[in-house]
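**Student:** Predicted model and sequence follow; I will ask about them next.
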Amino acid sequence: MLSYIVRRFLYAIPILFGVNLLTFLLFFVVNTPDDMARLHLGMKRVTPEAIEKWKADHGYNIPVAFNPAADGINKLTETIFYQKSMTLFTFDFGFADDGRNIGADIRERMWPSLAIALPSLIVGLLVNITAAMLISFFRATYIDTWGIVIAVAMMSISSLFYIIGGQFLFSKMFRLVPISGYDDGFNAIKFLILPVVVGLVGGIGSGTRWYRSIFLEEISKDYIRTARAKGLSELSVLFTHVLRNALVPILTGVVVVIPLLFMGSLITESFFSIPGLGSYTIDAINGQDFSIVRAMVFLGSVLYIIGLILTDISYTWVDPRVRL
Amino acid sequence: MYRFFASLGLILSLGFTACSNTTLNNPYPEEEQNSNTLYSSFSERPKHLDPAQSYSSNEITFTGQIYEPPFQYHYLKRPYTLVPLTATEIPSPTYLDTQGKIISGDTNSEAVAWSLYEIKIQAGIYYQPHPAFAKNASGQSLYLNLSEDMLDEIKTLSDFKESDHRELIAADYVYQIKRLAHPKIHSPIFGFMSQYISGLGAFGKALSNEKKKGFLDLRDFPLEGVEVLDRYTYRIKVKGKYPQFLYWLAMPFFAPIPYEADQFYAQAGLIEKNITLDWYPVGTGPYMLTMNNPNRKMILEKNPHFHRETYPIEGAPGDAEAGLLVDAGQELPFINKVVYSLDKEGISIWNKFLQGFYDSSGISSDSFDQAVRVSGVGDTVLTEEMSEKGIRLITSTAATTFYTAFNMLDSVVGGSSESARKIRQAIAIAIDQEESIAIFRNGRGIAMQGPLPPGIFGYQDGEAGINPNVYDWVNGRSQRKPIQEARRLLAEAGYPNGRDAKSGKPLILHFDTTGSGPEVKANFDWMRKQFDKLQIQLVIRNTDYNRFQDKMLKGTAQMFQWGWNADYPDPENFLFLLYGPNAKAEKNGENAANYVNPRFDQLFEEMKNMENGPERQGLIDEMVEIVRGDVPWASGFHPNNFGLFHAWMENLKPNLMANNTLKYKKVNPDLRAGKRAEWNKPQWWPLILIGFILLGGTLPAVITYKKKERGT
């Protein structure tokens, strides 16, 4: 297994290089270092000297990808791309354009992201699996039909609707939870209830349909027929046999997203003013802060790769027949 | 089954009723309920809190309360008046000729080579407590040379166990002026101030050679134009005559920075932890930043060492009647603590305001109809819902001009030819700015009559102030000239019915803008409609702000929209937007229209150094008339600010120039706590209903399950 993991990490290097290159190209197609300098220096009384000084201090006064004036390998290393993007491979995220340490900000902001994402994932998983099993149990009845109709309807509604609707109903009309905000420690709970519930409700439709299809596939297999023939009750069949054997595809979907929970949700965090990494990324894009954007894209890619490797490993735990 | 649901409902109802007196949606701790705290929000984290760098309004909201430049604007008096803050008085400059001899200020400004500003500050002003000032028993600084071990224990500024304070001295002001030229600090005004403060440019160049050496103790580097005369006095030498310089001395750029703070924050270990002067200010002002988490919350608390300052004892006419002098002579500040919460979405901000969790709010377009309505006589008044809550509406016209301009370098609409001038004038009449304000700004703005906004010396109201080339004075109010007049002008310019009289080709104009958001298309359609009136085809080129700025710098746009917000209340700060030597394309100045008129430039040179008075008014009137005749700006408006304030807030008067007004404001926490409880009683029945629906929803499943079980 160790050699497999090492091999996967080695495969990841060219992928991350490609991601870096793509991020860099996309960013610099729409932003020049001059644009970035102007944005950071403000709109008024900005002189060309000030722009040059800003670029020099932030390392944007060298060629973008190829430095013809340099010698040898320096033609590639004395460039913005190399100096800004390749250092990420050492997880040195550097400083944002406003001078803040990106690593310190990431360490601080990942906790609020996790505080929303983790309960949303766990509770969502429980609710979705329960609902899917219920519908599967009553398959081919009107409960199944209406359950699917409601699930399709729910997954067709934009997440924005759930967020704004939730804020309107539970914060404005019923005044049960704060409309937005965040606090430290246990004080955060009252701010997390609504975003977690909204995330939960917003995900029920798709989650239930997905798990129902997994359960139905299992239910149609021969071993289930055998279990029923043994005289086991339907509940026992579902919970003891179907659920356990359906864990492999469920794990596929769940384990891969676990590392990405740190990255936060762009929309939810913005609407509920949660100071997580999702809103950090959005702010950086709006503020044309390339340093943060490249760090977050790189981090997201690394976490996604870790998620995929964890998924592969988890197969071996759930299904002993799988060998890596 | 029925009994079960009935019992459950009863238990839940009783339980919920028992706790219905608490405000569950209160985003703040319950113990703060009756505290003397102001609650506000910020939607974007400030980029800089270093006074040498911060220039944006969302940054000055904080720095204005923490840092104290030598002067400030009187809170109540109008027109805006400078008064001393830490200084003992507003100094009169001493003028020198090229030989260094003192000359009278009344002489021709060209004879003035230098202006000397000698500023004396009050003794006995102290900084807020800060670890940079902490010393041990033998007088050595505790934290100016942090070891690795000490740094390990530090995560935020509050982790430093010791702090101290010291007296403000003139050298701190001089130190900050030097910081404007610091190579690692990108002060937005360094380039501009280098033109005025003697030796500042050369000082910056000298410092740039030192930038790799870590902490730069600026006390070791003399700046020719700025010197300490004694413990409480410093002198600034300004090139030529520049009376507006005093206004700059009321901005945080010129607030004091103690060298200890600079040295403290220059330590690499602290920078790694985001503990920098840019994030943890050190000032002498009424407030200090005790929590700075720009990702979530920022808290200002009363500076325990704040010097004695009292509420103004006089104001503008009507202020006493408005209750603005009730607290005259009372010690400032009134509010103990200010909590700013990060809130990005307008919906959240607006609803928290209505629930009483924010003390004031602006009005977005979405909430406009809910907040205000237009009365029968055309006034904007609060809706019943707002009035019932005791909310007050306070309006003011911003010292801001948004304008639609021509590029005077353009071959069709630019230049000084009669034909081009008539095209511009025709377009100025055709663009119905009043309609635009009504449609897109809910009426919040006044159409521009000239470059100067209301509240700035030189602005003329009423008939004397209208632009006679665009408006007529009819029945006591300005009325836009009929579109036939515009068509006539266009025809005289050689474009009858919007076509070139010689070639017959349609007149096509290009309009550059940076619109975004859902209302943009309607805005563009409206703009095209204005040009359709003249049968001119308008091509709108909507780009991002970066591309737009590029076009401005290169002078390649034909028509465009831009704006200017006043730095200080002087007509020079607006008329310089049309001063030839400030042309954007050639000189990278702020004259984006690239307008050049020698007479205007000559008048500007004379006007900019004059004291306000009839003579200056005369020059301004002539300049405004020249601009109206040449039409480099087609149209524009000055926005009206609408602010909503809860009944528990007092001493509210808009002051568009001052940025340190927090100290004058007052809240009534008991009234607020009562209103919050009244407005935020939780409604439990929906939860009970949802519970019953969910339980009811399981019934079919139970029934079907039973049937299934019976069937097997």
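**Tutor:** Okay, I see it. Numbers count the residues shown, from 1 in each chain, chains lettered A, B, ... in the order given.
**Student:** Do you have the strands of chain A handy? List them.
**Tutor:** Shown for chain A, no strands are assigned by DSSP state E.
**Student:** Mind listing what's buried along the longest helix along it?
**Tutor:** The longest helix of chain A (DSSP state H) is helix A:102-137. For helix A:102-137, a neighbour-count test (16 or more other CB atoms under 10 Å in any protein chain shown) marks A:102-106, A:108-110, A:112-117, A:119-121, A:124-125, A:127-129, A:131-137 as buried. All C-beta atoms are positioned from the backbone trio N, CA, C, and that covers glycine.
**Student:** Could I get the contacting residues of residue 154?
**Tutor:** If you meant another chain, say so; for now it's chain A. A:201-202, A:204-205 (CB atoms under 8 Å, 6 or more residues apart in numbering or on different chains).
**Student:** Please refer instead to chain B.
**Tutor:** So B:Ile154 contacts B:146, B:160, B:269-270, B:273, B:275 (CB under 8 Å, 6+ apart).
**Student:** what do you get for B:Gln99?
**Tutor:** Here B:Gln99 is in contact with no residue (CB under 8 Å, 6+ apart).
**Student:** Same check on B:Met193?
**Tutor:** With contact taken as CB under 8 Å, 6+ apart, B:Met193 is in contact with B:180, B:200, B:248.
**Student:** Neighbour-wise, which one of those leads?
**Tutor:** Neighbour counts for these, by other CB atoms under 10 Å in any protein chain shown, peak at B:Leu180, which reaches 26 neighbours.
**Student:** Run a quick neighbour tally on the closest residue to it other than its chain neighbours.
**Tutor:** Closest residue to B:Leu180 apart from its sequence neighbours, by CB to CB, 6 or more residues apart in numbering or on different chains: B:Ser187 at 4.5 Å. Neighbours of B:Ser187 under the rule other CB under 10 Å: 23.
**Student:** likewise the one 10 residues further on?
**Tutor:** With neighbours defined by other CB under 10 Å, the count for B:Ile197 comes to 25.
**Student:** now the nearest residue to it once chain neighbours are set aside: how far from B:Ser187?
**Tutor:** Nearest residue to B:Ile197 in three dimensions, chain neighbours excluded: B:Gly225, at 4.8 Å (CB to CB, 6+ apart). From B:Gly225 across to B:Ser187, the span is 16 Å (CB to CB, to the nearest Å).
**Student:** swap in A:Met133?
**Tutor:** From A:Met133 over to B:Ser187 the distance is 64 Å, taken as CB to CB.
**Student:** Indicate the residue of the stretch 351-500 of chain B located nearest to chain A.
**Tutor:** Residue of the stretch 351-500 of chain B nearest chain A, by CB to the nearest CB: B:Asn351 (5.2 Å).
**Student:** Tell me who's in contact with that residue.
**Tutor:** A:167, A:171-172, A:179.
**Student:** can you give me the helices in the stretch 1-150 of chain B?
**Tutor:** In the stretch 1-150 of chain B, the segments counted as helices under DSSP state H, counting those that start in this stretch are B:2-18, B:57-66, B:148-152.
**Student:** Then the stretch 1-150 of chain A?
**Tutor:** Using DSSP H, counting those that start in this stretch, helices in the stretch 1-150 of chain A cover A:2-30, A:33-41, A:48-57, A:74-77, A:80-85, A:102-137, A:142-156.
**Student:** any residues touching the fourth one, and which ones?
**Tutor:** Same thing as helix A:74-77. Helix A:74-77 has contacts (CB under 8 Å, 6+ apart) with A:66-68, A:70, A:82-83.
**Student:** can you rerun that using 10 Å?
**Tutor:** If you take CB atoms under 10 Å, 6 or more residues apart in numbering or on different chains as the criterion, helix A:74-77 is touched by A:63, A:65-70, A:82-83, A:86.
**Student:** try the fifth one
**Tutor:** Here helix A:80-85 makes contact (CB under 10 Å, 6+ apart) with A:16-17, A:19-21, A:23-25, A:27-28, A:33, A:55, A:58-67, A:73-77, A:79, A:94, A:290-291, A:294-295, A:297-298.
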